[in-house]
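S.K.: Model the structure of this input:
(chains A and B)
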Number of protein chains: 2
Amino acid sequence: MSTGGYTTRVDAGARERALKILHEKFYDVLKDVVEGRVPRLVIKKRTLSNTIYDPERKLLLLGDATFERSFLDLREARKFMQTMLMASIIYEALTQGEYPTIRDLYYRGKHTIRYRKIPSKAVGEENTWDEQAESDSVLRDIEVFINVLREEMLVLSKEKGKVVGDLRIRSGDDVIDLSKMGHGAYAIEPTPDLIDFVEVNADFVLVVEKDAVFQQLHRIGFWKRYRAVLVTSAGQPDRATRRFVRRLNEELGLPVYVLTDSDPYGYYIYSVFKTGSITLSYESERLATPRARFLGVMMTDIFGSRKLGKSPYLSEEERRSFIIRAKERDVKRAKELREYPWFRSERWQIELDEFLARRVKLEIEALASKGLKFLADRYVPEKIEVGDWID
Amino acid sequence: MSTGGYTTRVDAGARERALKILHEKFYDVLKDVVEGRVPRLVIKKRTLSNTIYDPERKLLLLGDATFERSFLDLREARKFMQTMLMASIIYEALTQGEYPTIRDLYYRGKHTIRYRKIPSKAVGEENTWDEQAESDSVLRDIEVFINVLREEMLVLSKEKGKVVGDLRIRSGDDVIDLSKMGHGAYAIEPTPDLIDFVEVNADFVLVVEKDAVFQQLHRIGFWKRYRAVLVTSAGQPDRATRRFVRRLNEELGLPVYVLTDSDPYGYYIYSVFKTGSITLSYESERLATPRARFLGVMMTDIFGSRKLGKSPYLSEEERRSFIIRAKERDVKRAKELREYPWFRSERWQIELDEFLARRVKLEIEALASKGLKFLADRYVPEKIEVGDWID
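M.R.: So this is what the prediction gives:
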């Protein structure tokens, strides 16, 4: 491994671990080939029907259904080839000190295989894969097969998540003080499992969907005043941000509050943090934060609730200025959410029913425009203090 | 200003400066009202016809054409009202220690004005503004009118830019060592004019369009090995990233190289860094980096060039795997670029003609997949060394 001496010890260790597991798990396949048996892989199904919500653990998980990918099965031979190709590319990248991205892996494996047809002996051609969707899917199969996330194999990706707070972490060879970022922030690395928490001096984590609102709360000193770790996912959270938040909760014991727009897309962002993503449920076990709490913005924050004995945070006039009419797709999405097991609690049904009755939505920015101090010094701390969040 | 004592001195100073300028520039308007004259604003036109490319300064600039916005002009009265409203909201936010976003400003000003019609005395209603496009446009008018960027008025925004390198900066109350970010990075603040450069130990700036490639180059130690400041805009650059890069070039004298995908969108990202954005030319004077150089990926990197005596970086086989067929919209965009004055150099015409002849494109990731070390240790340093960039 010659990377000019710049690879960190942390990465060197990660490489060794990943290589060892890859070697172990694929060794049997190679043994099959060498000893004349038909090579095959048995992998958990990543289908929707094998995606299960576990109400105990509050997680979306893969069930126990598996499928077999055999080299000599005509329907599976191509996929088998792709899986072995992807494993070998990753193995090679690990030994070579490389840091591929998923787009990279697609390019690295993309080529045309020429072969002799049987019995005609004509030359046939087959592309390894045509679209990145194919190589991505194969990569996911490998993640499930060896039970290792791609990040642990040092596959990098773009990364949107940011954090500030009274927290010291070790990343690579550096110790970074996340309370000394000035007006900027710390951009979370794509491999958050390699971070060490050195010291923490905070009471809770506030995850803000919108980067601009994160900037505002950071700038006004929210995290200092309320001993918070402030995180933004800048929209739909990527894997690294989800894993980072999970570790803050699990390892440091910090309660996690999520603040999103008040609309079905905001609610779903919260549920991706908490429960996992429906189509990628195999990740949830490590990426989801089952104890994450939805702080708002709630429909009942906007309109109050007689049932909950709750007064609204907005006046009639503010509502007139701030609320936005919901679109058809918002309504459709809300109806879908209503049916998800993890939204079936009485408390969530109140919010979703209110949304479907009113058909309006509200952005976090509307609360900031009522006054950043209202958002920072009243809305957020008050709701945390009185426990006005949804589990 | 009560912000719980958490506002930095830097921000307090910025507030004072912005308040002073706002006061000065709008004072005459108020005087007109008080003294019984018709209040009016004279503002530079932000139209395309008043957007001029200055070949000397290599910048897109506003010309000298102005328009008058008078309270008593029926076509302009609404806009006049909007401009005064926006100015007062910003003024209020500055005195209150707030940090609004542009979305925020839209909400803060959004309400319905009731008035008596003349002569019928019926009640009329008029919304201050309906869409954010309206309030944004008014904000731009104010930026042009008082010649101050919104960031200098502490209007925040979401921010995608990141940086690492052997560079110490002061932001807010902190000194931040950008060489000690571990595997993560420093997320640039929305107000990069408030940053102080404390110490720099670098020879050039490499701006990478794609965040994932930034992660790769960072992780493999590129900036340490080649004494670079590594920046990513994560796609189309936002204002803060452009301003930050400009300051690195102008104040620290570091040459700036831009690395994008090889397609018309990549070339345009480069030109936004270098020349400015066509529709927002008034910003260029402060945000553009006229001396920025296009490092690649060039069409002539892919195919070589007999005319330039240049060998290709990719083999025939690599080209087969890596290049992507251009879409109709890419071709259309390339034809537009060909007509822009700042793409009319002989060197750019070679690249654009090659693109139009071949009608293919290439992503930076394709070079990384040839080997991250190829990208980091050969392609980039070699091209810089031999001067294979476009001015």
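S.K.: Let me know the helix or strand that the residue nearest to A:Ile364 when sequence neighbours are not counted is in.
M.R.: Computed as CB to CB, 6 or more residues apart in numbering or on different chains, the closest residue to A:Ile364 that is not its neighbour in sequence is A:Val213, at 5.0 Å. Glycine gets a C-beta too; all of them are placed from N, C-alpha and C. When elements are assigned from DSSP states H and E, A:Val213 belongs to helix A:211-219.
S.K.: Going along the chain from that helix, find the next helix or strand for me.
M.R.: helix A:222-225.
S.K.: what lines up beside the next helix or strand after that next one in the sheet?
M.R.: Per DSSP H and E, the first helix or strand lying C-terminal to helix A:222-225 is strand A:228-232. Using DSSP bridges, strand A:228-232 pairs in its sheet with strand A:162-164 (antiparallel), strand A:204-208 (parallel).
S.K.: winner for burial among those?
M.R.: strand A:162-164 (a mean of 27; mean count of other CB atoms under 10 Å in any protein chain shown).
S.K.: Give me the average confidence score over that one.
M.R.: Regarding strand A:162-164, the rounded mean pLDDT is 98.
S.K.: closest to B:Asp193 out of the strands paired with strand A:228-232?
M.R.: B:Asp193 sits nearest to strand A:162-164 of all those, at 20.4 Å, using CB to CB.
S.K.: Report pLDDT for the residue in the stretch 201-350 of chain A positioned nearest to chain B.
M.R.: At 2.6 Å from chain B, A:Gly221 is the closest residue in the stretch 201-350 of chain A, using CB to the nearest CB. Model confidence at A:Gly221, given as pLDDT, is 95.
S.K.: Run through the helices of the stretch 151-300 of chain A in chain order.
M.R.: A:211-219, A:222-225, A:239-252, A:264-274, A:284-287, A:299-303 (DSSP state H, counting those that start in this stretch).
S.K.: Take these and lay them out in JSON lines including mean neighbour count.
M.R.: Shown next, in JSON lines, are the helices of the stretch 151-300 of chain A (neighbours: other CB atoms under 10 Å in any protein chain shown):
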{"stretch": "helix A:211-219", "mean neighbour count": "26"}
{"stretch": "helix A:222-225", "mean neighbour count": "21"}
{"stretch": "helix A:239-252", "mean neighbour count": "22"}
{"stretch": "helix A:264-274", "mean neighbour count": "23"}
{"stretch": "helix A:284-287", "mean neighbour count": "22"}
{"stretch": "helix A:299-303", "mean neighbour count": "23"}
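S.K.: ok, now which ones touch the residue nearest to A:Ile364?
M.R.: Neighbouring residues of A:Val213 by CB atoms under 8 Å, 6 or more residues apart in numbering or on different chains: A:Thr232, A:Leu259, A:Ile364, A:Glu365, A:Ala368, A:Leu375, B:Thr101.
S.K.: re the thing from before, and the helices of the stretch 151-300 of chain A, which one's lowest on average pLDDT?
M.R.: Here the lowest mean pLDDT among those goes to helix A:284-287, at a mean of 92.
S.K.: helices or strands up against that helix?
M.R.: strand A:59-62, helix A:239-252 (3 or more CB pairs under 8 Å, 6 or more residues apart in numbering or on different chains; DSSP states H and E).
S.K.: tilt between the last one and strand A:204-208?
M.R.: Here helix A:239-252 points in a direction 170 degrees away from that of strand A:204-208 (axes from the mean of the first three to the mean of the last three CA atoms, to 10 degrees).
S.K.: Please name every helix or strand in contact with helix A:239-252.
M.R.: strand A:196-200, strand A:204-208, strand A:228-232, strand A:256-259, helix A:264-274, helix A:284-287.
S.K.: And the residue lying farthest from the centre of chain A, which helix or strand is it part of?
M.R.: Using CA atoms, centre = their mean, the residue of chain A lying farthest from its centre is A:Ser120. It sits 49.4 Å away. For A:Ser120, there is no helix or strand it lies in under DSSP H and E.
S.K.: and A:Leu280, backbone torsions?
M.R.: Note on A:Leu280: backbone dihedrals following degrees, to the nearest 10 are phi -130, psi 50.
S.K.: thought it was touching A:Arg140?
M.R.: Yes - using CB atoms under 8 Å, A:Leu280 is in contact with A:Arg140, at 7.3 Å.
S.K.: what touches both of the two?
M.R.: A:Arg46.
S.K.: So what's the predicted local confidence for the closest residue to A:Arg347 other than its chain neighbours?
M.R.: Spatial nearest neighbour of A:Arg347, chain neighbours left out: A:Ile390 (5.1 Å); criterion: CB to CB, 6+ apart. At A:Ile390, the model reports a pLDDT of 97.
S.K.: How many neighbouring residues does A:Ala12 have?
M.R.: By the criterion of other CB atoms under 10 Å in any protein chain shown, A:Ala12 has 12 neighbours.
S.K.: ok, now the one 5 residues further on?
M.R.: One way to gauge burial is a neighbour count; for A:Arg17, by other CB under 10 Å, it gives 13.
S.K.: What of A:Glu354?
M.R.: 18.
S.K.: host element of it?
M.R.: Assigned by DSSP H and E, A:Glu354 belongs to helix A:346-358.
S.K.: neighbouring contacts of that helix?
M.R.: Contacts of helix A:346-358 (CB under 8 Å, 6+ apart): A:262-264, A:267, A:298-300, A:303, A:305, A:307-308, A:326, A:331, A:334-335, A:337-338, A:343, A:361, A:390-391.
S.K.: about what we covered before: closest to B:Asp64 out of the strands paired with strand A:228-232?
M.R.: The minimum distance between B:Asp64 and those falls on strand A:162-164, with 41.6 Å, by CB to CB.
S.K.: so how far does stretch A:291-303 reach from one end to the other?
M.R.: Chord length of stretch A:291-303, first to last residue, is 26 Å (CA to CA, to the nearest Å).
S.K.: Distance from the chain centre to that stretch, please.
M.R.: Taking the mean of its C-alpha atoms, stretch A:291-303 sits 21 Å from the chain's own mean (CA atoms, centre = their mean, to the nearest Å).
S.K.: Say whether chain B is contacted by that stretch.
M.R.: No - residues of stretch A:291-303 are not located near chain B by CB under 8 Å from any CB of the partner chain, the shortest gap being 13.2 Å.
S.K.: likewise stretch A:69-86?
M.R.: No - judged by CB under 8 Å from any CB, stretch A:69-86 stays clear of chain B, getting no closer than 13.0 Å.
S.K.: which residues are contacting that stretch?
M.R.: Taking CB under 8 Å, 6+ apart as the rule, stretch A:69-86 contacts A:26, A:29, A:38-43, A:68, A:105, A:109, A:126, A:128-129, A:134-135, A:138-139, A:141-142, A:145.
S.K.: mind listing what's buried in it?
M.R.: With burial defined by 16 or more other CB atoms under 10 Å in any protein chain shown, the residues of stretch A:69-86 counted as buried are A:Arg69, A:Ser70, A:Phe71, A:Glu76, A:Lys79, A:Phe80, A:Met81, A:Gln82, A:Thr83, A:Met84, A:Leu85, A:Met86.
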